[in-house]
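**Q** Using only what follows, build the 3D model:
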Amino acid sequence: MQYEFDGFVLDPERRELRRGGETVAIAPLVFDLLLHFVRHRERVISKDDLLDAVWDGRIVSESTLASHINAVRKAIGDSGTEQRLLRTMARKGFRFVGDVAEIAPVPAPALLATGSGAVNPALPDRPSIAVLPFLNLSGDPQQDYFVDGVVEDIILALSRSRWLFVIARNSSFTYKGRAVDVRQVGRELGVRYVLEGSVRRAANRVRITGQLIDTTSGMHLWGERFESVVDDIFELQDQITASVAGAIAPQVEFAEIERAKRKPTESLDAYDYYLRGLTRFHLSTREGLDEALPKFYKAIELDPDFAAAYGMAAGCFYWRKMNRWLDDRAVDGAEAARLCERAVALGRNDAVALTRGGHAWPHFGGDLHTCVAHVDRALVLNPNLSTTWYLGGYQRVSLGEHDEAIAYFTRAMRLSPRDPETFQMHTGIAMSHLYSLRFDAALASLQQAAQELPNILRVAAFQAMAHALAGEIDEARAAMEHVRRLDPSLNLRNIDDWLLVRRPEDFALASEGLRRAGLPE
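**A** Below you'll find the predicted structure:
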């Protein structure tokens, strides 16, 4: 059953809140709160009722509860002052007082099976697009990083439009260097539109061409060529973004198209180093990180206010810590904390900076609840950024909110169904299942993660503990041998900040699993 009130539609099956055909960005736990209020609108709901129904009886602070209530009000256009829809009843609780109509549900989008038996996502109920890697026509392979950076920024700019479903960069880039059939791309990614094009850079000039194609018919909808000096690259990206948005949704007022004209940096040299760093970062290897970090530092040197560069540098340190590749924990930890602090301070309106900095900071001494708020703000700024959803999912794992974490990871995979970092999402889902004592489900997700990237320490360690907790000791010992090959120094005494969990019972469960699997003291 769907619920309609004050121009909103609350859809429990799709777990969506919509208004005027647009999906309102709302965190999973906030959605659960709103749904509980609406379903039980005939009575006052006490704090204890909320804790039992939404937090499964866990104790949460007054500030956490208050922040989630405020988030509910913000999502539905209410406030603590007005209380038009959600009213606080003094010393009793809360009651939803808006007029609600129950309406027949619209069937949720299904997954479509292809003729080969593979399952592809169905089209969303709003305009959807994938931006494929553009061709580098410069005749210089060293310009690939520049071309990829242009495309990545177009993806980020388009994804800020809340009415538009945008496939994440990592899934789009799995088609790089391949001759593709756009109809097949549409089926595999579950999108109606594909943007493809080319970039030619010569000296200080750049020419960008783009064409928009309807994947359901193969029809060419729009094409244009843009040319200018490199110094105006951001303006060219704005022009492309606005043109594409206008072509795929002419019924939407132009004022609603958030063009994201703010440049990430005024320094083109800094931006150049940032793009080079991203190219190496996405390799997800130790060598790649060693090459990426100096490039992010160079970007910061050239522009000390470049928030996203601070965030990506912090992300390098986080990735090193998760694989226990830090050279000096104390020195590296202090530097990582500095980068995180600068990222969130400078990046108040930068989703990438808030996501990377806010996620990494708790691993280097930052307050987890405060950093969750930074990542939540990134979701408000850009609800289509899959990285924010999956890193936010890891934060929920740390807090012990495991079902909510699974919802975050699932959302990330839908936004980026062919993502090279899907192993991160499968691992996060597995961790949530394990802490919820669903060991078979955890092992199934870990197997998927290991197939994609077999030599990641966290994947191997959770495989060992899941097998051990499931009573499969032989399999656990075999997985632990792999853990010991990846990191001979890991032991039960040094797993505390590597695991980063706040619930004592979660830490105890993980420790026991590793102990049974054979991790030494």
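
**Q** got the contact list for residue 427?
**A** Residues in contact with residue 427 (CB atoms under 8 Å, 6 or more residues apart in numbering) are 445, 446, 449, 456, 458, 459, 462. The way it works is simple: take the backbone N, C-alpha and C, and place the C-beta from them, glycine included.

**Q** okay, and for the stretch 51-200 of the chain, where does confidence drop off?
**A** Across the stretch 51-200 of the chain, the stretches falling below the confidence threshold (pLDDT under 70) are 56-60, 104-119, 125-126, 161-163.

**Q** which residues in it form strands?
**A** Taking DSSP state E, counting those that start in this stretch to define them, one finds strands in the stretch 51-200 of the chain at 86-89, 93-96, 101-103, 111-113, 119-121, 128-131, 135-136, 165-166, 193-202.

**Q** Among the contacts of residue 427, list the two that are farthest apart in space.
**A** With CB to CB as the measure, no two of the contacts of residue 427 lie farther apart than 445 and 456, at 13.4 Å.

**Q** higher neighbour count, these two?
**A** Between residue 445 and residue 456, counted using other CB atoms under 10 Å, residue 445 has the larger neighbour count: 26 against 19.

**Q** What mean pLDDT does stretch 506-513 get?
**A** On average, the pLDDT along stretch 506-513 is 95.

**Q** Please identify the buried residues of it?
**A** Neighbour counts over stretch 506-513 (16 or more other CB atoms under 10 Å) mark 506, 507, 509, 510, 511, 513 as buried.

**Q** wait, isn't residue 449 in contact with residue 456?
**A** Yes. Between residue 449 and residue 456 there is a contact under CB atoms under 8 Å: 7.5 Å.

**Q** What is the nearest of the buried residues of stretch 506-513 to residue 281?
**A** Minimum distance to residue 281 across the buried residues of stretch 506-513 is 28.0 Å, recorded for residue 510 (CB to CB).

**Q** Could you grab the helix/strand/coil label for the closest one?
**A** Using DSSP: H, G, I helix; E, B strand; the rest coil, the secondary structure recorded for residue 510 is helix.

**Q** gap between it and residue 481?
**A** According to CB to CB, to the nearest Å, residue 510 and residue 481 sit 19 Å apart.

**Q** Now do the shared contacts for residue 449 and residue 456.
**A** Contacts common to residue 449 and residue 456, judged by CB under 8 Å, 6+ apart, are 423, 427.

**Q** what ranges do the helices span in the stretch 201-350 of the chain?
**A** In the stretch 201-350 of the chain, the helices defined using DSSP state H, counting those that start in this stretch lie at 233-248, 268-281, 286-302, 307-322, 329-346.

**Q** Of those helices, which is nearest residue 80?
**A** Of the helices of the stretch 201-350 of the chain, nearest to residue 80 by CB to CB is helix 329-346, at 25.4 Å.

**Q** Can you tell me what sits against whichever helix or strand comes after that closest one?
**A** Using DSSP states H and E, the helix or strand that directly follows helix 329-346 along the chain is helix 351-360. Residues from elsewhere that reach helix 351-360, judged by CB under 8 Å, 6+ apart: 156, 307-308, 310-312, 314-315, 317-318, 336, 339-344, 346-348, 371-375, 377-379, 381-382, 385, 387-388, 391-392, 394-395.

**Q** What of stretch 491-508?
**A** Counting by CB under 8 Å, 6+ apart, stretch 491-508 makes contact with 321-322, 324, 362-363, 368, 397-400, 435, 490, 510-511, 514-515, 519-521, all of which sit outside it.

**Q** Restrict those to the buried ones and give me that as a ChimeraX selection.
**A** Buried members of those, identified by 16+ other CB under 10 Å, are gathered into one ChimeraX selection as follows:
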select :321,322,362,363,397,398,399,400,435,490,510,511,514,519
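
**Q** Tell me which of the contacts of stretch 491-508 fall in helices.
**A** The helices in this structure, assigned by DSSP state H, contain 321, 322, 368, 397, 398, 399, 435, 510, 511, 514, 515 from these.

**Q** for these, which one is nearest residue 200?
**A** Each of the ones in helices among the contacts of stretch 491-508 was checked against residue 200 using CB to CB; the closest is residue 322, at 39.2 Å.

**Q** what's the closest non-adjacent residue to that closest one?
**A** Of all residues beyond its chain neighbours, the one nearest residue 322 is residue 458 (5.8 Å), with distances taken as CB to CB, 6 or more residues apart in numbering.

**Q** Confirm that neighbour sits in a helix?
**A** Yes. Residue state for residue 458 (three-state DSSP) corresponds to a helix.

**Q** give me the number of residues near it?
**A** Number of residues near residue 458 (other CB under 10 Å) recorded here: 22.

**Q** Residue 224 too?
**A** Other residues lying near residue 224 total 15 when counted by other CB under 10 Å.

**Q** Assess the claim that it and residue 208 are in contact.
**A** No. Contact criterion CB under 8 Å: residue 224 and residue 208 do not qualify, at 9.0 Å.

**Q** what about the stretch 251-400 of the chain, any weak spots by pLDDT?
**A** Along the stretch 251-400 of the chain, the parts satisfying pLDDT under 70 run over 251-268.

**Q** sorry, back to before: whichever of the contacts of helix 351-360 end up buried, select them in ChimeraX.
**A** To isolate the buried subset of the contacts of helix 351-360 in ChimeraX, counting by 16+ other CB under 10 Å, use the following:
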select :156,307,308,310,311,312,314,315,317,318,336,339,340,341,342,343,344,346,347,371,372,374,375,377,378,379,381,382,385,387,388,391,392,394,395
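
**Q** Show me the domain layout of this structure.
**A** The record's domain split for the chain, according to automatic domain parsing, is 2-103, 111-256, 264-383, 407-521.

**Q** quick one, which of the ones you listed is packed in tightest?
**A** With neighbours taken as mean count of other CB atoms under 10 Å, the domains of the chain reach their highest mean count in domain 264-383, at a mean of 21.

**Q** what's the offset of that one from the middle of its chain?
**A** On the basis of CA atoms, centre = their mean, to the nearest Å, the separation between the geometric centre of domain 264-383 and that of its chain is 15 Å.

**Q** pull the CA atoms of stretch 317-328 into CSV?
**A** Output in CSV follows, covering the C-alpha atoms of stretch 317-328 (Å, rounded to 0.1, in the frame of the first residue of the first chain):
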residue,chain,number,x,y,z
PHE,A,317,45.5,6.7,3.5
TYR,A,318,42.2,4.9,4.3
TRP,A,319,42.8,2.3,1.6
ARG,A,320,46.3,1.8,2.9
LYS,A,321,45.1,1.2,6.4
MET,A,322,42.4,-1.3,5.4
ASN,A,323,45.2,-3.3,3.7
ARG,A,324,47.7,-2.6,6.5
TRP,A,325,50.0,-0.9,4.1
LEU,A,326,50.8,2.2,6.3
ASP,A,327,54.5,2.9,6.8
ASP,A,328,54.2,4.6,10.1
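
**Q** who touches that stretch?
**A** Residues outside stretch 317-328 that contact it (CB under 8 Å, 6+ apart): 284, 286, 289, 293, 332-333, 335-336, 339, 356, 359-360, 363-364, 456-458, 486-487, 489-490, 498.

**Q** at 7 Å instead, please
**A** Among residues not part of stretch 317-328, those counted as contacts by CB atoms under 7 Å, 6 or more residues apart in numbering are 286, 289, 332, 335-336, 339, 360, 363, 456-458, 487, 490.

**Q** Using CSV, lay out these together with distance to residue 23.
**A** Below are these laid out as CSV (distance: CB to CB, whole Å):
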residue, distance to residue 23
286, 39
289, 35
332, 40
335, 39
336, 35
339, 33
360, 28
363, 31
456, 33
457, 37
458, 32
487, 42
490, 42
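
**Q** Quick check: the farthest pair among those?
**A** Taking CB to CB as the measure, the contacts of stretch 317-328 reach their widest spread between 339 and 490, a distance of 25.1 Å.

**Q** For residue 45, which of the helices of the stretch 201-350 of the chain is the nearest?
**A** For the helices of the stretch 201-350 of the chain, distance to residue 45 was read as CB to CB. The smallest value, 33.8 Å, belongs to helix 329-346.

**Q** Cool, thanks, signing off.
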